[in-house]
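Asker: Generate coordinates for the sequence data below:
(chains A and B)
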Number of protein chains: 2
Amino acid sequence: MRLIESVPNFSEGRRLDVVERIVEEAKKIEGVWILDYSSDPDHNRSVITITGEPEAVEAALFNMTLKAKELIDLNNHSGEHPRMGATDVIPLVPVMNVTKEECIALSKKLGKRIGEELRIPVYLYEDSASTPERISLSNIRKGEFENFASKIASDQWKPDFGPSEIHPSAGVTAVGCREYLIAFNVNLGTNKIEIANKIAKSVRHISGGFRYVKALGFKLEDRDIVQISMNMTNYRKTPLFRVFEVIKSEAERHGVPIVGSEIVGLTPLQALVDVADHYLRLEKFTSSSILEKKVLDFIADKER
Amino acid sequence: MRLIESVPNFSEGRRLDVVERIVEEAKKIEGVWILDYSSDPDHNRSVITITGEPEAVEAALFNMTLKAKELIDLNNHSGEHPRMGATDVIPLVPVMNVTKEECIALSKKLGKRIGEELRIPVYLYEDSASTPERISLSNIRKGEFENFASKIASDQWKPDFGPSEIHPSAGVTAVGCREYLIAFNVNLGTNKIEIANKIAKSVRHISGGFRYVKALGFKLEDRDIVQISMNMTNYRKTPLFRVFEVIKSEAERHGVPIVGSEIVGLTPLQALVDVADHYLRLEKFTSSSILEKKVLDFIADKER
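Answerer: Just a heads-up that it's a prediction; the model follows:
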């Protein structure tokens, strides 16, 4: 079985019936599963997590974008979170038996359909970006819906697909392939926030740490301990165990133990296999030696 | 999705067309997947590994036992491996979302059907055993097919299901629930077999080690190193990481490094999750936080 995950963001977090109708579009597609969805009324924004075979996920995302275009008018939208479209951003994430290249190809296929069939301008971002300045979503989104009519008119911001004019109510949409993001937190046996901050600095990219780690120190008031809260933005290139070992070594230097860790939300199987592989020093182990993984592959074979 | 694994052993390892026809019975059942099968002509015995939803696996095993009864006559069977039936033994192994109790109930249901419908006497063994002396398969099998006509006549060896007389051509069959067996080997950076033997002794049950470990030292001639080769007979109670850490500590004492390890064949997901959980010190992590596991559960929900 091949699996893609997508976490489309829609600019509606207050009218929950509208969100339901968008979710409904994904439910209709055979072979697409809704892992989670949540709405934030302050941000006036909803995030829906779906997974499935690439073709099924593509169909679901197209139909969700169509529905969002029908139901959301950005002229009447306000919220704390920056946004530029009814369907603001569609990240695509390869999970199982899908390469980055296949994921990028899928993002372009979907982007083209949204651009041409729905007449919504599409920007490719992250791994799918056509120019370096389009890698960053916030760079694309700068100016937001209100200023996009003029931004899109410049040569520099000609969209990758679709019309060269902003859609009057649905704005513009970003589509791109990126790695799976794992929310990984490590808890320290101390209540000194300065130690958590110091260790966070030692592992995060911006301060000289690992390329694919974002990290902050936090206080867990109820437990009277501190936490290094991380976004692991590419677990293949910056694996969990490596970051964990650096945190352990830094914590030791402060005479502080690691009391626990947590993965918030979901993780791809491979990220955990990599941890087991590292500590057990496995030779030539692949996830196809996992019984459940084999069953998933069989199921897909049968269905084809 | 609920998953059971079974590794039935059949007393035929030379006539491969017979083996194929038995395998065919499993293939016919929707929702049963054949993970592996192999025949040993010296043992004159074949081992078939299947998995699937409990009900489907039960149906496949019943049909395979029926087919083996039709095609195998133990009066004409010889081989190195001890045996007592055409279908010699049917182990059932809970893999995913199935408890030990449910697995035992399944073994009794299947045993009853084989006994009553196929008229083959059935002994429940391992976790399903009705008396302590029936826990061990080799204890049940003692005397083999040739001596079972008299053995079965004793009160002590009255079968759990089916007639109190041996089936004239298909013998008797053992059915039982046991834990998943993981073949786990650890390689040492030395060619001294005595070190491997010494460490094997330190971890294996029989010499005072872990309850669910069988271990032997081996030479890997081509790599000029030695290996501790293990059968982990209950990874839930004797987890891989704990045994690995003891081996590491013992090897250090001999000034020898662990250069690698391997899992031969398949492993249930949970055994690897337990390793990652241990080393990352995860708090309250369960395998339902794994995306692929969620998909498996969704697929089963849909099918019901």
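Asker: Going by C-alpha atoms from here, please, whenever you check contacts or count neighbours.
Answerer: Fine.
Asker: Quick one: the strands in chain A, in order.
Answerer: Assigned by DSSP state E, chain A shows strands spanning A:3-6, A:9-10, A:32-40, A:45-52, A:87-96, A:122-126, A:173-177, A:182-188, A:213-220, A:225-232, A:258-264.
Asker: Just put those strands in CSV and tack on mean neighbour count, mean pLDDT and distance to B:Asp160.
Answerer: Listed next are the strands of chain A as CSV, based on neighbours: other CA atoms under 10 Å in any protein chain shown; pLDDT from 0 to 100; distance: least, CA to CA, whole Å:
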stretch, mean neighbour count, mean pLDDT, distance to B:Asp160
strand A:3-6, 25, 95, 46
strand A:9-10, 24, 98, 60
strand A:32-40, 18, 93, 45
strand A:45-52, 23, 95, 46
strand A:87-96, 25, 96, 45
strand A:122-126, 28, 97, 64
strand A:173-177, 28, 98, 59
strand A:182-188, 23, 96, 51
strand A:213-220, 21, 95, 57
strand A:225-232, 23, 96, 55
strand A:258-264, 18, 95, 47
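Asker: now for the ones you listed, which one comes closest to chain B?
Answerer: Of all the strands of chain A, strand A:258-264 sits nearest to chain B, with 4.6 Å by CA to the nearest CA.
Asker: Alongside chain B, which residues does chain A contribute?
Answerer: Selection of chain A residues close to chain B by CA under 8 Å from any CA of the partner chain yields A:33, A:35, A:241, A:244, A:259-263, A:265-269, A:272-273, A:275-276, A:279-285, A:289-296, A:298.
Asker: Tabulate the strands of chain A (CSV), appending distance to B:Gly52.
Answerer: Shown next, in CSV, are the strands of chain A (distance: least, CA to CA, whole Å):
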stretch, distance to B:Gly52
strand A:3-6, 21
strand A:9-10, 37
strand A:32-40, 21
strand A:45-52, 21
strand A:87-96, 21
strand A:122-126, 40
strand A:173-177, 34
strand A:182-188, 31
strand A:213-220, 39
strand A:225-232, 35
strand A:258-264, 29
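Asker: Just tell me which of these ends up closest to B:Ala174.
Answerer: strand A:87-96 (39.0 Å; CA to CA).
Asker: Now do that closest one: which elements does it pack against?
Answerer: Contacts defined by 3 or more CA pairs under 8 Å, 6 or more residues apart in numbering or on different chains; DSSP states H and E place strand A:87-96 against strand A:3-6, strand A:9-10, helix A:54-71, helix A:100-117, strand A:173-177.
Asker: tilt between that strand and strand A:45-52?
Answerer: 30 degrees (axes from the mean of the first three to the mean of the last three CA atoms, to 10 degrees).
Asker: in its sheet, what does strand A:87-96 sit against?
Answerer: strand A:3-6 (antiparallel), strand A:9-10 (antiparallel), strand A:173-177 (parallel) (DSSP bridges).
Asker: Give me the helices and strands touching the lowest-mean-pLDDT helix or strand in chain A, please.
Answerer: Ranking every helix and strand in chain A by mean pLDDT, DSSP states H and E puts helix A:291-303 at the bottom, with a mean of 80. Applying 3+ CA pairs under 8 Å, 6+ apart, we find helix A:291-303 packed against strand B:32-40, helix B:291-303.
Asker: which phi and psi does the residue of chain A most remote from its centre have?
Answerer: The centre of chain A is farthest from one residue, A:Gly255, which by CA atoms, centre = their mean lies 35.5 Å away. Main-chain torsions, A:Gly255, degrees, to the nearest 10: phi 70, psi 30.
Asker: looking at the helices and strands packed on strand A:87-96, which is buried most?
Answerer: Burial of the helices and strands packed on strand A:87-96 is given as mean neighbour count (mean count of other CA atoms under 10 Å in any protein chain shown); strand A:173-177 ranks first at a mean of 28.
Asker: quick one, that one and strand A:122-126 angle?
Answerer: Using the same axes, to 10 degrees: strand A:173-177 against strand A:122-126 is 40 degrees.
Asker: For strand A:173-177, what is the distance to the chain centroid?
Answerer: 11 Å (CA atoms, centre = their mean, to the nearest Å).
Asker: Let's have the strands paired with strand A:87-96 in JSON lines, adding distance to B:Asp155.
Answerer: Formatted as JSON lines, these follow (distance: least, CA to CA, whole Å):
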{"stretch": "strand A:3-6", "distance to B:Asp155": "57"}
{"stretch": "strand A:9-10", "distance to B:Asp155": "71"}
{"stretch": "strand A:173-177", "distance to B:Asp155": "69"}
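Asker: Please name whichever of the ones you listed is nearest to B:Arg83.
Answerer: strand A:3-6 (44.4 Å).
Asker: Just the CA atoms of the closest one, as PDB, please.
Answerer: The C-alpha trace of strand A:3-6 is given here as PDB (Å, rounded to 0.1, in the frame of the first residue of the first chain):
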ATOM      1  CA  LEU A   3       0.300   6.300   1.600                       C
ATOM      2  CA  ILE A   4       0.300  10.100   1.400                       C
ATOM      3  CA  GLU A   5      -0.800  12.400   4.200                       C
ATOM      4  CA  SER A   6      -2.200  15.800   3.700                       C
END
